[in-house]
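Enquirer: need a structure here:
(chains A, B and C)
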Amino acid sequence: MIKPIAAAVLLALTTVSAQAVEFVLTESSSGQDVGNWQVSSQSLGIKTDTAFRLEKRRLHGGKQEGVDVLVVNNGVMEITLVPTRGMGIYQVKSGDLRLGWDSPVKEIVNPAFIDLESRNGLGWLDGFNEMMVRCGYEWTGHPGVDDNGQLLSLHGRAQNTPASTVKVIIDDAAPHTIHVQGMVAEHTFKKTNLTTLTELSVTPGSRTFEIHDRLTNQADYADEYQIIYHSNFGTPILEEGAQVTAAASEISPFNDYAKAGLKGWQTYQGPTKDYDEMVFNLKPIGDAQGHSLAVLHNKAGNLGVAVGYNVKQLPVLTLWKNTDTKQQGYVTGIEPGTSYAYNTKYQRPLGLVPTIQPGETKSFDLSYTLLRSADDTRQALAEVARIQGKQATQQVEKPLVDLSKH
Amino acid sequence: MIKPIAAAVLLALTTVSAQAVEFVLTESSSGQDVGNWQVSSQSLGIKTDTAFRLEKRRLHGGKQEGVDVLVVNNGVMEITLVPTRGMGIYQVKSGDLRLGWDSPVKEIVNPAFIDLESRNGLGWLDGFNEMMVRCGYEWTGHPGVDDNGQLLSLHGRAQNTPASTVKVIIDDAAPHTIHVQGMVAEHTFKKTNLTTLTELSVTPGSRTFEIHDRLTNQADYADEYQIIYHSNFGTPILEEGAQVTAAASEISPFNDYAKAGLKGWQTYQGPTKDYDEMVFNLKPIGDAQGHSLAVLHNKAGNLGVAVGYNVKQLPVLTLWKNTDTKQQGYVTGIEPGTSYAYNTKYQRPLGLVPTIQPGETKSFDLSYTLLRSADDTRQALAEVARIQGKQATQQVEKPLVDLSKH
Amino acid sequence: MIKPIAAAVLLALTTVSAQAVEFVLTESSSGQDVGNWQVSSQSLGIKTDTAFRLEKRRLHGGKQEGVDVLVVNNGVMEITLVPTRGMGIYQVKSGDLRLGWDSPVKEIVNPAFIDLESRNGLGWLDGFNEMMVRCGYEWTGHPGVDDNGQLLSLHGRAQNTPASTVKVIIDDAAPHTIHVQGMVAEHTFKKTNLTTLTELSVTPGSRTFEIHDRLTNQADYADEYQIIYHSNFGTPILEEGAQVTAAASEISPFNDYAKAGLKGWQTYQGPTKDYDEMVFNLKPIGDAQGHSLAVLHNKAGNLGVAVGYNVKQLPVLTLWKNTDTKQQGYVTGIEPGTSYAYNTKYQRPLGLVPTIQPGETKSFDLSYTLLRSADDTRQALAEVARIQGKQATQQVEKPLVDLSKH
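Expert: So this is what the prediction gives:
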């Protein structure tokens, strides 16, 4: 058992089991929050090849007043989580490599300052700047009035919901994997009772981190749900000549505008004025276990990221190419999901608005691996090729939804 | 005069009069808040048969970040008030008895995270979990676009308005009644200038607490106002076979759906899937002073609550039977008001949208009494019978408003 | 160089140059805020004829919970700035003279509690009580659905945007001018990337303070912008018989209702029931440098304010006469702007919705001078007369926009 240092963990420590040490940083059921907080392998007396440290810090200034960030440094990567914004991942830094992007939104915005229904349901754009955003779970997709007359705002409410509980669990045994758990509650009387136990796991010294989310329908009634893991990458990975590769059986343009980009979908332009965004709908292929992979890398192939997910959990993949100018937000999204980015009402006929039964739990598991060399990238691309097998990725010209009719 | 203990009251103390000791906990005019705070009969050097204590505490976690609760323990009951949510009463606990309910909304939500106009005016449901909610005062009732084109969101804005001032006043003389005052301001330039001085009073050792609210129209123009005291009870009082009794001359269903429940309106079902809610409109009877009473008790009749109010102040009574499943929120509401739960535009023709003149003050006085034995319940029911007299409660099949026409 | 006193400036101090001492009070890029803070000429060891002091303080209570105010006392005036509300000026006090007004909104409202789109876009009215409000910069004017289908809420978003950075800079050399800079960011992905570096400058002992704002379009695309400097004055300047004078070539009523007040536009009524508001559109005249001036003074002419601005930056002037009753908010607005108070869609055809190019910066410079004697007033009126020259102010009966057609 790891012996915690009293001074460092006095407020947060709840359990020291035989298997792990657990720190409760925030817990709404007791109304507690630990405030600014930090631990490290050193403060915990853990002997590892790679030292690690974690720090929770409250931000100030502008619309980020009162936002908590939790920085996990595993010795290789520095991962910035945002408990106040639904446990989203703001960015990951590892030497010259950065997962994340430069949004015109510079602050990590407190949801208290966001009105999701503003601008006809585009209020979510006031805070969008993270590397990984959970778009869900009550609904996802572009804003629009649903069949029942209710405006569904862009990409749901989870990302603008402060986490109800935040825990850090560090395994007692080597390799001392670090788990950050955050509970995100979408609870509205008579409307929704969805709770998501999010988890980020990372091992000291590893260049991979994993997401293990568990969505539970606490209601006594079945409910619809949707989720897109909106994973966003800009420089230094994204650049003119950068490439995306994904195990997929089919790709089609989201709308008429994206048709022009279908043929060259795997290659990126540099920052391009008036490009706006092209979005593509992919049908991913999984291996026998459902495991699929998408890889994004720079032109030279020595910087990149591999996004792993499971098509049994997340059956579709959206590719968002927003290679407009730098100031506009030069970024691409690799977005595994239950659903594409259409408004919910257009996805029901496609069978992409699944149901969760009373008490049921749905799992979503993803992995993000840093590619820091040509070897790393070759290895990841080989894995995509293995999953893809001999099947071609069919290019379909016609969008799944004819938006011109709506 | 009670001599306050310096350490406990240093920040909060403002006045020690010959009659009472007064603690100003929050005062927006000076921009001050006392922070976490507590006093007790012991710390104040008050000799009482029943010791009491009060504590103000700031909550953290999720959407309750920054919410203040004020817990009043009079030795018999522990009353949790929520200054940040319009001085609402979250719950009252007394041994096995609890006034309150289990909403799917678990946190005490900071209004900063609520957009009342979301979901076509149903944003209020994001925070609804209290035992007593003030639905008013600018308007009340179901959401809808008023005749002037403005969306009136569900049940008005008072409950999602943080109290501008919070005071605790403890009478110097026995029985040392505790008064908690909170000022709730509904102030919008050119639109409304209503101020409500809310007050909860409770005597150490008593099983009754009282509400004395004073609504003042600070404007130079007459204004409409509406208020419903939405008083909500779940387990352990509510159960299959629980009973409600109210002094009333008439009851009618709120809508067509409630017609099926008219005959058996006094009895409750257990948690019932697909029940949703049945709402009934009652015309209460008051005694010569206007005093009326409604009683809710469990099947055995040894746990319950009596809700007293005055029909000269609050001329109508809504009965809300939401005996759906446990997770959905198994709860009933006993709701004295100026108005029923229809949208304001439907209540004007019924004469249920009263006017308050410039500078005028309207008073609303209610009492809540814990019934902890069969004797307590018998006594309360006898009081209802006394007020009811020989008049029957007429059952009217036709709803007051024909919603199908709208 | 001024030697700062360590204790007073420890947290805030960033730069002590040869020219000035600079205190960073808030900086969102580093997530820092200095908290409660103060300095004075004495604490800084500055020898001046007129002592000065500055204090930043966090407010509590009601909807002002968490609001920061920054009070600048230059020995003559006490200026209350509100960083949390877009660096607006709440009030200026100088002996018996006060710039500001008595709104029914009493608290300095945290934008977290405001939903700008509520009441069909009138949510701004929930917080309106300042002496100077920036109505902009993405849009300004009355609420309405723009040609693209988006609701533009009343007077834009800047005033309800907490400042991202707040700095105090005090010149090293006499007269030791104090500069308060606040950065206000209107950043929404794909929608707007406007940043305004606001500055208030005041010299110890002076009865004038200046605004120097710099609006920069950080986007790679040209954007529309609008700004009105909504400057509001009530008692003691405003009273029956108070007078307004402005260098202008033309005045016309905003709407049909204001036609009745056109002739007597320069004179004010006392608080008048059912007056509501009359608004007038003026075409101001500037001198060779573009400098223009408007003067408001009381009946006796010994209390007033002179508002200076530049017609090359702010080509139009709105005069808002809201001489309704005291409780309703007895106030007049002198409002230099790029635009009048019509909804944006009505101002485009008038050429009053200017464009800002990528990377371009627009400057807005205003001055406010206290008039504390008949001499002060005479001097200011003479300056207006000098600018006006021999040109008459033509009274045009027809409003610029025919609102009856819309």
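Enquirer: Outside of the longest helix along chain A itself, which residues are in contact with it?
Expert: Criterion DSSP state H: the longest helix present in chain A is helix A:374-388. The contact list for helix A:374-388 (Cβ atoms under 8 Å, 6 or more residues apart in numbering or on different chains) reads A:207, A:245-248, A:285-287, A:291-295, A:297, A:300-302, A:304, A:306, A:369-371. All C-beta atoms are positioned from the backbone trio N, CA, C, and that covers glycine.
Enquirer: hmm, try it at 7 Å
Expert: Residues outside helix A:374-388 that contact it (Cβ atoms under 7 Å, 6 or more residues apart in numbering or on different chains): A:245-247, A:285-287, A:292-293, A:295, A:297, A:301-302, A:304, A:306, A:369, A:371.
Enquirer: Show me what counts as buried in that helix.
Expert: For helix A:374-388, a neighbour-count test (16 or more other Cβ atoms under 10 Å in any protein chain shown) marks A:Asp376, A:Thr377, A:Ala380, A:Leu381, A:Glu383, A:Val384, A:Ile387, A:Gln388 as buried.
Enquirer: now the residue in chain A positioned nearest to chain C, nearest residue through space, not along the chain?
Expert: Going by Cβ to the nearest Cβ, chain C is nearest to A:Gly61 of chain A, at 2.9 Å. Using Cβ to Cβ, 6 or more residues apart in numbering or on different chains and skipping residues adjacent in sequence, the residue nearest A:Gly61 is C:Ser28, 2.9 Å away.
Enquirer: and the one you found, what does it touch?
Expert: The contact partners of C:Ser28, by Cβ under 7 Å, 6+ apart, come to A:Gly61, A:Gly62, A:Gln64, A:Glu107, C:Ser164, C:Thr165.
Enquirer: ok, and the most crowded of the contacts of helix A:374-388?
Expert: A:Gly304 (30 neighbours; other Cβ atoms under 10 Å in any protein chain shown).
Enquirer: Dig out what the most centrally placed residue in chain A forms beta bridges with.
Expert: Note on chain A: the residue nearest the mean C-alpha position is A:Met132, at 3.1 Å, using Cα atoms, centre = their mean. Per DSSP bridges, the residues bridged to A:Met132 are A:Ile89, A:Ser231.
Enquirer: farthest-separated two in the contacts of helix A:374-388?
Expert: The most widely separated members of the contacts of helix A:374-388 are A:Gly286 and A:Asn302, with 27.6 Å between them, by Cβ to Cβ.
Enquirer: is it true that the residue nearest to the centre of chain A touches A:Tyr229?
Expert: Yes: contact criterion Cβ atoms under 7 Å: A:Met132 and A:Tyr229 qualify, at 6.5 Å.
Enquirer: which residue ranges form the helices in the stretch 101-250 of chain A?
Expert: Secondary structure of the stretch 101-250 of chain A, counting by DSSP state H, counting those that start in this stretch: helices at A:118-121.
Enquirer: Residue numbers of it in contact with chain B?
Expert: Within the stretch 101-250 of chain A, the residues that sit near chain B (Cβ under 7 Å from any Cβ of the partner chain) are A:111-112, A:115-117, A:149-150, A:161-165, A:185, A:187-191, A:193, A:218-220.
Enquirer: from those residues, which would you call buried?
Expert: Buried among these by 16+ other Cβ under 10 Å: A:111-112, A:115-117, A:150, A:161-165, A:185, A:187-191, A:193, A:218-220.
Enquirer: per-residue confidence at the residue lying closest to A:Arg214 once chain neighbours are set aside?
Expert: For A:Arg214, ignoring the flanking residues on the chain, the nearest one in space by Cβ to Cβ, 6+ apart is A:Leu197 at 4.5 Å. What the model reports as pLDDT for A:Leu197 is 98.
Enquirer: now the one 5 residues further on
Expert: Reading off the confidence values, A:Val202 has pLDDT 98.
Enquirer: Could you measure from it over to A:Val39?
Expert: Noted for A:Val202: a distance of 15 Å to A:Val39, by Cβ to Cβ, to the nearest Å.
Enquirer: Ok, A:Asp102 next?
Expert: 31 Å.
Enquirer: next one: A:Tyr90
Expert: From A:Tyr90 across to A:Val39, the span is 20 Å (Cβ to Cβ).
Enquirer: Which one's more surrounded, those two?
Expert: Using other Cβ under 10 Å, the more surrounded residue of A:Tyr90 and A:Val39 is A:Val39, with 24 against 21.
Enquirer: my guess is that one is in a strand, correct?
Expert: Yes: assessed by DSSP: H, G, I helix; E, B strand; the rest coil, A:Val39 belongs to a strand.
Enquirer: can you pull up the bridge partners for it?
Expert: Applying DSSP bridges to A:Val39 gives these bridge partners: A:Leu54.
Enquirer: And whatever residue of the stretch 1-150 of chain A ends up closest to chain B, what's its pLDDT?
Expert: Closest residue of the stretch 1-150 of chain A to chain B, Cβ to the nearest Cβ: A:Ser28 (2.9 Å). On the pLDDT scale, A:Ser28 is placed at 97.
Enquirer: Ramachandran angles for it?
Expert: Main-chain dihedrals, A:Ser28, degrees, to the nearest 10: phi -70, psi -30.
Enquirer: what's the answer for A:Lys326, then?
Expert: Dihedral angles (degrees, to the nearest 10) for A:Lys326: phi -60, psi -50.
Enquirer: Please verify my assumption that it contacts A:Lys273.
Expert: No: counting by Cβ under 7 Å, A:Lys326 stays clear of A:Lys273, with 10.3 Å between them.
Enquirer: And the pLDDT at the residue of the stretch 251-400 of chain A found nearest chain B?
Expert: Nearest residue of the stretch 251-400 of chain A to chain B (Cβ to the nearest Cβ) works out as A:Pro358 at 7.5 Å. What the model reports as pLDDT for A:Pro358 is 98.
Enquirer: Determine the number of other residues adjacent to A:Thr344.
Expert: Going by other Cβ under 10 Å, the residues that sit close to A:Thr344 add up to 23.
Enquirer: who's in contact with it?
Expert: Counting by Cβ under 7 Å, 6+ apart, A:Thr344 touches A:Trp139, A:Gly141, A:Asp146, A:Leu152, A:Gln226, A:Val353.
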